[in-house]
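*Asks:* need the 3D shape of this:
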Amino acid sequence: MDCLPLFHKLRGRNVLLVGGGRLALRKAQVLLESGARVRVVAPSISVELQERVVRQQGECLWRAYQSEDMRGCSLVLAVTDQMSVNTKVAEQAQEQGIPVYAVGLPCLSSIIFPTIVDRSPLIVAVSTVGQAPVLARLVRAKIETLLPANYGHLAKLAARFRDQVKAWLPQVQPRRVFWEDVFQGQVAEHVFAGRAQKAEQLLVDKIHSASTQICGEVYLVGAGPGDPDLLTFKALRLMQQADVVLYDRLVSPAILALCRRDADRMYVGKQASEHSVPQEQINQRLVELAKQGRRVVRLKGGDPFIFGRGGEEIAELAAQHIPFQVVPGITAASGCSTYAGIPLTHRDYAQSVRFVTGHTIGNELDLPWLELAVPLQTVVFYMGLGRLSNICQQLMAHGRSSDTPIALIERGTTPEQRVFTGTLADIEQRMEGQAVQSPSLIIVGEVVHLHGSLQWFQTVQ
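*Replies:* So this is what the prediction gives:
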């Protein structure tokens, strides 16, 4: 480890900032946020820097730096565009034993400014010791996605009850388990969802009812069409804190691998005419696991509310008074069409789009064919691979032209994606011998013409 990371309490302390330009402004912003009293010294000081410093009881001196300027200061920053000035400031600060940062002079700087993720009082600092600052910023961006903005509120809530919990649980290990449950369970989720009063009440209940078994919670999470990068931040966070994961056949291994490693995984995959676990049993299992106090992620391909039967599952949870949340996912129609370079709507080709399911009632596709066959409309068929012939025939029989473009997208958004295009009249012939499998999506409409010029996603062949 090249440097020891430390956090300095600067509230009410004097800090010398030598320089008055843009870099000085950026450093002043951080110093002022920490509560420091900033003294700026420079022949020229920007108006914005002056206003910010004076507003928070700091001072600005419009002149060249003088050695007595650092008297009484706890920290010194030299951020001018003159290396001779920065060198002089840094050397004099070191002589007086004052921590100093000099821009462009790492050998003379005793401190390094990290890139910061601020969820006060939770603060995360990232540094590459000045060797790769761009990389540090990229790492910070990744951390930003993992820490919701309300993490600070959660920390403040915990601080208010810290002494009570310590008195209730004097032993370290039980207290640690208690706080882990708070920070990863329903209290945290209420805070993240903006339900501060519910979060506080639940925390109070947990403190005063040690013997009470609190019900778990179910998270109905849309996993998107296949590409793990299409997961939402919230989906990823809940996946990484769940005790149990119930997942479908459409959830890719790459996405499943992002779940918490020690979580129990239960496969409840379904496909046409072949249900591994009947829907009613899935609903009941969600209820049973939650009543055991476990946090359950119900991971579904695409979006849980678009042909995902998510409504049925949360209806049962609501009837059983089980807390739940629903996290939308990118539905297959949006994800697969985008990765195939086929806009679902386009000013010249389609002013509306319809999502329909190719599942059958008995042996027939019970669909409003006259409505689906109108021009200037894109129709997306989910789960229609086995009924492709019937779909084409019905659309043509109800008025759609036989030369209407059609696309079939297999395993969309994944490296195995394949796109087949043709017309209602010849798509079956074009696909002979291709051994296409589900999951596949069918898109009908003039927008398919754009596939040839707009396809951008590179697949592994």
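
*Asks:* let me see the ranges of the strands in the stretch 151-300 of the chain.
*Replies:* 217-222, 244-247, 264-267, 270-271, 274-275, 295-300 (DSSP state E, counting those that start in this stretch).

*Asks:* Ala136 versus the residue nearest to Thr80 when sequence neighbours are not counted, what's the distance?
*Replies:* Nearest residue to Thr80, sequence neighbours excluded (C-beta to C-beta, 6 or more residues apart in numbering): Gly19, at 4.3 Å. For the C-beta atoms, the positions are set from N, CA and C on the backbone; glycine is no exception. Distance from Gly19 to Ala136, counting by C-beta to C-beta, to the nearest Å: 22 Å.

*Asks:* comparing those two, which residue is more hemmed in?
*Replies:* Counted by other C-beta atoms under 10 Å, Gly19 and Ala136 do not tie: Gly19 has more neighbours, with 27 against 18.

*Asks:* any idea how far Ile443 is from the more buried one?
*Replies:* Taking C-beta to C-beta, one finds Gly19 at 58 Å from Ile443.

*Asks:* could you do Leu236 as well?
*Replies:* 28 Å.

*Asks:* give me the more crowded residue out of these two.
*Replies:* More neighbours surround Ile443 than the other of Leu236 and Ile443, with 25 against 18 (other C-beta under 10 Å).

*Asks:* contacting residues for the residue nearest to Thr80?
*Replies:* When contacts are counted by C-beta atoms under 8 Å, 6 or more residues apart in numbering, Gly19 touches Val40, Ala42, Leu77, Ala78, Val79, Thr80, Asp81, Val103.

*Asks:* mind running it again at 6 Å?
*Replies:* Gly19 sits next to Ala42, Val79, Thr80 when contact means C-beta atoms under 6 Å, 6 or more residues apart in numbering.

*Asks:* out of the strands of the stretch 151-300 of the chain, the one nearest Leu367 is which?
*Replies:* Closest approach to Leu367 among those is made by strand 270-271 (20.3 Å; C-beta to C-beta).

*Asks:* how about the contacts of Gly19 in JSON lines, adding pLDDT?
*Replies:* As requested, the contacts of Gly19 are exported to JSON lines (pLDDT from 0 to 100):
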{"residue": "Ala42", "pLDDT": "96"}
{"residue": "Val79", "pLDDT": "96"}
{"residue": "Thr80", "pLDDT": "96"}
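
*Asks:* quick check, nearest of the residues you listed to Ala318?
*Replies:* Among the contacts of Gly19, and counting by C-beta to C-beta, the member closest to Ala318 is Val79, at 57.4 Å.

*Asks:* and the closest one, how many neighbours?
*Replies:* Counted with other C-beta under 10 Å, Val79 comes out at 25.

*Asks:* was I right about it contacting Leu23?
*Replies:* Yes. Under the criterion of C-beta atoms under 6 Å, Val79 makes contact with Leu23 at 4.6 Å.

*Asks:* which neighbours do the two have in common?
*Replies:* In contact with both Val79 and Leu23: no residue, using C-beta under 6 Å, 6+ apart.

*Asks:* render the CA-only coordinates of stretch 197-210 in CSV, please.
*Replies:* Once non-C-alpha atoms are left out, stretch 197-210 reads as follows in CSV (Å, rounded to 0.1, in the frame of the first residue of the first chain):
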residue,chain,number,x,y,z
GLN,A,197,-41.4,6.9,8.8
LYS,A,198,-42.0,3.3,8.0
ALA,A,199,-38.3,2.6,8.2
GLU,A,200,-38.0,4.2,11.6
GLN,A,201,-41.0,2.4,13.0
LEU,A,202,-39.8,-1.0,11.7
LEU,A,203,-36.4,-0.3,13.3
VAL,A,204,-38.0,0.5,16.6
ASP,A,205,-40.1,-2.6,16.4
LYS,A,206,-37.0,-4.7,15.8
ILE,A,207,-35.3,-3.2,18.8
HIS,A,208,-38.2,-3.6,21.3
SER,A,209,-39.4,-7.0,20.0
ALA,A,210,-36.4,-9.2,19.9
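
*Asks:* rank the strands of the stretch 151-300 of the chain by pLDDT, which is bottom?
*Replies:* Ranked by mean pLDDT, the strands of the stretch 151-300 of the chain end with strand 274-275 at the bottom, a mean of 54.

*Asks:* how about whatever helix or strand Val76 lives in: buried residues?
*Replies:* If you go by DSSP states H and E, Val76 is part of strand 75-78. Residues of strand 75-78 classed as buried: Leu75, Val76, Leu77, Ala78 (neighbour count, 16 or more other C-beta atoms under 10 Å).

*Asks:* which one of these is nearest Gln184?
*Replies:* Ranked by distance to Gln184 (C-beta to C-beta), those are led by Leu75 at 36.5 Å.
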